[in-house]
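Colleague: My questions are about this predicted structure, shown below with the sequence.
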Amino acid sequence: MDAFHIAKDDVDQMAAYWMMRKGRLLGWTGDLFTALVDPAFLYEDAIDEMMLAEYNMCFTEWLLYECKMLDGDTPLQLYLADPPTGASPEMLARLHEVEQTQFFSRFAILDKEPDHGIAKLCDIRTGIRYTVFDPHLCAIASWREGVIAMRIARVDRMWQTVGQVHLYDVARSEDASDDGPGEFHPEDREGRPYLGGAGFFVRLVFDLFSVDGRYRDTVRLREVDTVKQVEEIRRRLSCDDAPRKE
């Protein structure tokens, strides 16, 4: 079996490249994201540090994957168009696959194989099922039969998580409606029509973090230490013990 490549490592390297050049990305992009979301913590006397950290993580993911820069390309696309010296052809090929196939959605958790970092998921927006390599999701035992919101991409014939954001909802997938988190709600059509074109990810962040977010009052964040579990899963993944491809 060919060696299994974890695309998120390539994404992290691309993100580190832009962090060294953040002057080219930050500024108006942060202002735009803040204007779209209007986070509740801006109106609070004491900022919840965990909430701020999660919000910043959402901003970074939006910036890399979805924010169109002045020339119309995302930072991921700009990286691929003009890669730095030292970026291997193999890495760039994987990032091309990420760019072509990545998307963010909410998935019903059907089953997990913690020893292999494999999760069986169903996109509740389309009904399509996926087998996804995600050690982080698999390492958290309490994330069982609910819904997980995250970004995945198909690389080397294997669906993998390629984003930092994981938002778990204990609600059963059968209770999810067409008007759930991240959808374009009736109240948005009335008061915030711009959200219709902002994309599912931005609308979900709005629902959870905005001062006017529909689900802001029910959001609970907690720190989960999965580093050791994830490292152990990845250590076991050798050429002979790679996740099966579809």
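Modeller: Structure received.

Colleague: Read off the pLDDT value for the closest residue to Leu95 other than its chain neighbours.
Modeller: Leaving out its chain neighbours, the residue that sits closest to Leu95 by Cβ to Cβ, 6 or more residues apart in numbering is Asp10, at 5.4 Å. Every C-beta, even on glycine, is put in place using the N, C-alpha and C of the backbone. On pLDDT, Asp10 comes in at 92.

Colleague: Which secondary structure element is home to Asp10?
Modeller: Taking DSSP states H and E as the criterion, Asp10 maps to helix 7-19.

Colleague: Can you tell me what sits against that helix?
Modeller: 24-25, 60, 64, 75-76, 79, 84, 87, 91, 94-95, 97-98, 153, 155-156, 160-163 (Cβ atoms under 8 Å, 6 or more residues apart in numbering).

Colleague: now these: which count as buried?
Modeller: Among the contacts of helix 7-19, the ones that count as buried by 16 or more other Cβ atoms under 10 Å are 25, 60, 64, 75-76, 79, 87, 91, 94-95, 97-98, 153, 155-156, 160-163.

Colleague: So Asp38 sits against Val205, correct?
Modeller: No - Asp38 is not in contact with Val205 according to Cβ atoms under 8 Å; the separation is 10.5 Å.

Colleague: Of these two, give the one with the bigger neighbour count.
Modeller: The neighbour comparison of Asp38 against Val205 (other Cβ atoms under 10 Å) goes to Val205, with 28 against 15.

Colleague: quick one: contacts for the closest residue to that one other than its chain neighbours?
Modeller: When the adjacent residues along the chain are set aside, Val205 lies closest to Cys58, with 4.9 Å between them (Cβ to Cβ, 6+ apart). Residues near Cys58 by Cβ under 8 Å, 6+ apart: Val165, Phe201, Val205, Phe209.

Colleague: Compare those and tell me which is most surrounded.
Modeller: Within these, Val205 tops the neighbour count with 28 neighbours, counted by other Cβ under 10 Å.

Colleague: Doesn't Tyr130 belong to a helix?
Modeller: No - assignment of Tyr130 by DSSP: H, G, I helix; E, B strand; the rest coil gives strand, placing it outside any helix.

Colleague: In TSV: the contacts of Cys58, plus pLDDT, secondary structure and distance to Leu42.
Modeller: Listed next are the contacts of Cys58 as TSV, based on pLDDT from 0 to 100; DSSP: H, G, I helix; E, B strand; the rest coil; distance: Cβ to Cβ, whole Å:
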residue	pLDDT	secondary structure	distance to Leu42
Val165	93	coil	20
Phe201	97	helix	20
Val205	96	helix	14
Phe209	94	helix	10
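
Colleague: For Ile118, state which of those residues is nearest.
Modeller: Checking the contacts of Cys58 against Ile118 with Cβ to Cβ, the nearest one is Val165 at 19.9 Å.

Colleague: now that closest one, nearest residue through space, not along the chain?
Modeller: Glu61 (5.2 Å).

Colleague: One more: Phe206?
Modeller: With sequence-adjacent residues excluded and distances taken as Cβ to Cβ, 6+ apart, Phe206 is closest to Val37, at 5.2 Å.

Colleague: For Ser142, see how far away that neighbour is.
Modeller: Shown here: Val37 relative to Ser142, a distance of 27 Å by Cβ to Cβ, to the nearest Å.

Colleague: Same question for Ala53.
Modeller: 20 Å.

Colleague: what do you get for Gly86?
Modeller: 41 Å.
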